[in-house]
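Student: what's the 3D shape of this:
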Amino acid sequence: MLHALSRFGRRRTLRGGAAFAVVLGLLLWWVLPIGDAEPSGSLTFSTGVHSGVYQRYGQRLERALAKDMPKVSIRLQNSEGSQQNVERVATGKADFTIATADAVATYLQSGKPGAERLRGCVRLYDDYVQLIVPRDSDVRGIADLRGKRVGVGQKGSGVLLVADRLMKAAGLAPTADITPVHAGIDTMPQRLADGRLDAFFWSGGLPTAAVQNLSEKFAIRLVPLAAPVISELQAAGGSTRYYRSAVMPADAYHDAQQGQAVQTVAVSNLLITTDRTDPLTTEAFTRTVIDSRDRIGREVHSAQLVDLRTAIYTDPLPLHEGAKRYYRSAKP
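Tutor: Predicted structure coming up:
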């Protein structure tokens, strides 16, 4: 009898031990990551021209990503702007970038290599088109640029894309009626101050530091974009539907605007990648962009305008699966 009871006790002990092991295993599964639960490896982030908003934003985002994704090595790569950025990501030369919605749509509509693989992560902030002239210039509208030396952005930039379209909408031939100068925001302000340019186009967040700095040492003026020109621009269809009429606040550039709001065109910026990027990395990257908004915004004002409520709208691109996962987890 005692022997039977002993065997029964051992069986119960074994069953209890097995149950405890199962429970412990479940707890460990819940608490500890199984496999590689955080992103690792390396990625390239294509930014923009030196001193432009893309580059300044990218530098600060890199710091936030290094903290949030410690197993990922991040390389920043300067670029000429949106058009080059889209091409780099689409063809696998970069993993993430920022580009304007019109540049993305143009790439898609052209059917260029890798276009079908492009995916959206975050709608960021808006770029405002800025036409800048010396304060005593006789240029009062885009049509007055005829015969002038005009900075139109680098050849791979979104600035060039919208500048050419605006000039055509105003009745100018971009390569015949002006002398186009292909330069970036890193050199155009000084060229204007030195008298080597009569005007230059810029498309960027407000305020752009390079324009702000120019306004503090040289008398400049922002030329309004007239409503008929904007209407003509939008009427072209296709990717021009991503342009919308906007107003630069009177305090965007205090010295340049002298209390006057300026009519212009705005277009949204998108954080983009491709379906080659794994969901885990994309989810983490998207989370950092949203979470670092205020911290980066203290140095790059445009970053403050990233809004979780609108970030999901990355038209003309579908959301990447990793970005979808983040927005589902962030939903209140």
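Student: Would you map out the domains in this protein?
Tutor: 41-124+269-330, 127-268 (automatic domain parsing).
Student: avg pLDDT for the shortest one?
Tutor: I take that to be domain 127-268. Averaged across domain 127-268, pLDDT comes to 96.
Student: and that domain, how far apart are its ends?
Tutor: One end of domain 127-268 to the other measures 6 Å (Cα to Cα, to the nearest Å).
Student: Renumber starting at 59 from here on
Tutor: All right, first residue 59 from here; so that's domain 185-326.
Student: residues in contact with the spatially most central residue of the chain?
Tutor: The geometric centre of the chain, computed from its C-alpha atoms, lies nearest to I156 (Cα atoms, centre = their mean), at 3.1 Å. Counting by Cβ atoms under 8 Å, 6 or more residues apart in numbering, I156 touches 105-106, 112, 115-116, 140, 143, 182, 327-330. Backbone N, C-alpha and C define where each C-beta goes, glycine included.
Student: Distance check, it against P128.
Tutor: Distance, I156 to P128, by Cβ to Cβ, to the nearest Å: 23 Å.
Student: Helices along the stretch 259-390 of the chain, start to end?
Tutor: Assigned by DSSP state H, counting those that start in this stretch, the stretch 259-390 of the chain shows helices spanning 267-275, 285-293, 312-315, 337-349, 351-355, 366-369, 379-388.
Student: tell me which residues of the second one are tucked away?
Tutor: Okay, so that is helix 285-293. Going by neighbour count (16 or more other Cβ atoms under 10 Å), the buried part of helix 285-293 is 287-288, 290-292.
Student: now, which of these sits nearest L219?
Tutor: Relative to L219, the closest of the buried residues of helix 285-293 is L291; by Cβ to Cβ it sits at 11.6 Å.
Student: The closest one is in contact with A227, isn't it?
Tutor: Yes. In this structure, L291 is within contact of A227 by Cβ atoms under 8 Å, at 4.2 Å.
Student: now the longest strand seen in the chain against helix 285-293, angle please.
Tutor: Longest strand of the chain, by residue count under DSSP state E: strand 176-192. Orientation note: strand 176-192 sits at an angle of 160 degrees relative to helix 285-293 (axes from the mean of the first three to the mean of the last three Cα atoms, to 10 degrees).
Student: other SSEs contacting the helix or strand following strand 176-192?
Tutor: Next in sequence after strand 176-192, counting helices and strands by DSSP states H and E, comes strand 207-209. With contacts defined as 3 or more Cβ pairs under 8 Å, 6 or more residues apart in numbering; DSSP states H and E, strand 207-209 has these neighbours: strand 237-239, helix 246-251, strand 257-262.
Student: Same list, those, but as TSV with mean neighbour count please.
Tutor: Below are these laid out as TSV (neighbours: other Cβ atoms under 10 Å):
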stretch	mean neighbour count
strand 237-239	17
helix 246-251	20
strand 257-262	27
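Student: so which of these gets nearest A161?
Tutor: Proximity to A161 (Cβ to Cβ) singles out strand 257-262 among those, at 10.0 Å.
Student: and that closest one, what does it pack onto?
Tutor: In terms of contacts (3+ Cβ pairs under 8 Å, 6+ apart), strand 257-262 is packed against strand 176-192, strand 207-209, helix 216-227, helix 246-251.
Student: relative to strand 176-192, how tilted is the third one?
Tutor: Angle of helix 216-227 versus strand 176-192, following the same axes, to 10 degrees, is 70 degrees.
Student: In contact with A304, which residues are there?
Tutor: By Cβ under 8 Å, 6+ apart, the contact set of A304 is 184, 186, 321-324.
Student: Count residues in the vicinity of the residue lying closest to V239 once chain neighbours are set aside, would you?
Tutor: Spatial nearest neighbour of V239, excluding adjacent residues (Cβ to Cβ, 6 or more residues apart in numbering): G209 at 4.9 Å. By other Cβ atoms under 10 Å, the residues close to G209 number 27.
Student: Which strand residues bridge G209?
Tutor: Counting by DSSP bridges, G209 is bridged to V239, F258.
Student: so who does it touch?
Tutor: Contacts for G209 (Cβ under 8 Å, 6+ apart) come out as 239, 241, 246, 249-250, 255, 257-259.
Student: Now do it against D194, distance only.
Tutor: Counting by Cβ to Cβ, the gap from G209 to D194 is 18 Å.
Student: Also K206?
Tutor: On the measure of Cβ to Cβ, K206 and D194 end up 14 Å apart.
Student: and these two? which has more neighbours close in?
Tutor: Counted by other Cβ under 10 Å, K206 and D194 do not tie: K206 has more neighbours, with 16 against 8.
Student: Excluding covalently adjacent residues, which one is nearest to that one?
Tutor: Excluding its sequence neighbours, the residue lying closest to K206 (Cβ to Cβ, 6+ apart) is D256, at 3.9 Å.
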